[in-house]
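*Asks:* Test case, fold it:
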Amino acid sequence: MSVLDEVNEIYDQLVAWRRDFHMHPELGLDTERTAGIVAAKLRALGFEVQEGIAGHGVIGVLENGSGPVIMTRVDMDALPIQEENPVPYASQIPGRMHACGHDAHTAMGLGIATLMARKRDTWQGTLKMIFQPGEEGENGAEIMVREGALENPRPEKALALHVWNHMRFGKVAATAGPVMAAAEAWKATIWGKGGHGAVPENTVDPIVTAALTITALQTIISRNVGGLETAVVSVGAIHSGEAFNVIPDTAELRGTVRTFTPEVRQRVLKRLNEVVEGTATTMGARTDLELMPLTPALVNDPEVTALVQEVIKDVLGPDALAAGVRTMGSEDAAFFFQEVPGCYIFVGSGPEDYKDRPHHSPRFDIDERAMCHGVAVMIEALRRMMPPKGA
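*Replies:* Below is the predicted model:
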């Protein structure tokens, strides 16, 4: 029996798990119900279980003889979005929705645990499974690392995956090097001098200063980042004033920076500060720039990625492998991958109308068959990283 045949045997269970989690989404670090189901299932399979890391994080360890310690990471949290899908498994909690696929990730994690425990005769070593809350903006991975999630035992290699609606079902991507961007948020507060809108010459207009700043920021990518390099600078919010005939005292800009390499990151952040400060000075205003680092770049280890690429071709066929897939989105699994060499895998999950169901959309949904591909690739990769039983 092939590994894909093994996984297909539990497909109905994967769907049942995923839909249950989908109907009961939980936010941030508060994933109590989801974590409780995960912990109970892992214990029933023979895992040693630790709970309560970073809120409701769960760690399951399955020792199966001598051999390497290999880690998998699964995220569990949902998003504060009102679901619009007219499906029987739609979210039952108003204003919350699994709009990114972590319900499927949790189901796949349980599928991996089930088959690895069921087939102990095919591998030896230690499987460490980390089920993480708070991926969506809470940096749950960073908290778990800080609270010792990578110790006792310390993993040697790591695997993680994400369903990916930007690819149709049937493709699975593994790319060496940076695959998700480092992210920071920033806030620029501009102080001018308010006054009557009819006599702007007596003011220092923070709104005009903000507008010029936004325009000048666009030159960072076009003139300070090389054509073969990658970075994003975006302004996501601007707040200033309340009345049509009043020039306010202050304006506030909020945005994000995304980069792949430390060198480009330093250059972009330096120019961000110079543009914000310089524009304010030119206009006679003052400003304060606050930088808030979120996640480092998620970088795939070349050796682990090469193994996963071979697994994808062997398990799903040579045409299934998609190489070179990267995104300027960020992922806090990067904190784990900073410590442990690993491979982050994108599993094509886009249904036929995938363009209408992007991640973080109230209409997000997946082709559930993608879960079988994700579980099969993960299991085969785990088995190849561990010696056969009795070796």
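
*Asks:* how about A90, secondary structure?
*Replies:* coil (DSSP: H, G, I helix; E, B strand; the rest coil).

*Asks:* Who are the contact partners of it?
*Replies:* The contact partners of A90, taken as Cβ atoms under 8 Å, 6 or more residues apart in numbering, are H22, M23, E83. C-betas here are computed from N, CA, C, even on glycine.

*Asks:* Going by distance to A185, which of those wins?
*Replies:* E83 (26.3 Å; Cβ to Cβ).

*Asks:* The closest one and Q92 touch, don't they?
*Replies:* No: E83 sits out of contact with Q92 when judged by Cβ atoms under 8 Å, with a separation of 9.5 Å.

*Asks:* Among the two, which residue is more densely surrounded?
*Replies:* E83 (27 against 11; other Cβ atoms under 10 Å).

*Asks:* what sits against the more buried one?
*Replies:* E83 neighbours (Cβ under 8 Å, 6+ apart): A90, S91, M97, A99, P362.

*Asks:* try it again with 7 Å
*Replies:* A90, S91, M97, P362 (Cβ atoms under 7 Å, 6 or more residues apart in numbering).

*Asks:* A160 too?
*Replies:* Here A160 is in contact with T72, R73, A333, G342, Y344 (criterion: Cβ under 7 Å, 6+ apart).

*Asks:* burial count for the residue lying closest to it once chain neighbours are set aside?
*Replies:* Nearest residue to A160, sequence neighbours excluded (Cβ to Cβ, 6 or more residues apart in numbering): R73, at 4.3 Å. Look at R73: counted by other Cβ under 10 Å, it has 29 neighbours.

*Asks:* Is E352 part of a helix or strand, or is it coil?
*Replies:* coil.

*Asks:* How many neighbouring residues does it have?
*Replies:* If we define neighbours as other Cβ under 10 Å, then E352 has 10 of them.

*Asks:* would a markdown table of the contacts of A90 with secondary structure be doable?
*Replies:* As requested, the contacts of A90 are exported to a markdown table (three-state DSSP):
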| residue | secondary structure |
| --- | --- |
| H22 | helix |
| M23 | helix |
| E83 | coil |
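
*Asks:* so how far is stretch 287-296 off the chain centroid?
*Replies:* 19 Å (Cα atoms, centre = their mean, to the nearest Å).

*Asks:* CA atoms only for it, dumped as PDB, please.
*Replies:* Presented in PDB, the C-alpha positions along stretch 287-296 are these (Å, rounded to 0.1, in the frame of the first residue of the first chain):
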ATOM      1  CA  THR A 287       7.700  63.300  13.400                       C
ATOM      2  CA  ASP A 288       8.200  60.200  15.400                       C
ATOM      3  CA  LEU A 289       8.700  56.800  13.700                       C
ATOM      4  CA  GLU A 290       8.000  53.700  15.600                       C
ATOM      5  CA  LEU A 291       9.100  50.300  14.200                       C
ATOM      6  CA  MET A 292       7.500  47.100  15.400                       C
ATOM      7  CA  PRO A 293       9.200  43.900  14.200                       C
ATOM      8  CA  LEU A 294       6.700  41.000  13.800                       C
ATOM      9  CA  THR A 295       8.500  38.000  12.300                       C
ATOM     10  CA  PRO A 296      11.800  37.200  10.600                       C
END
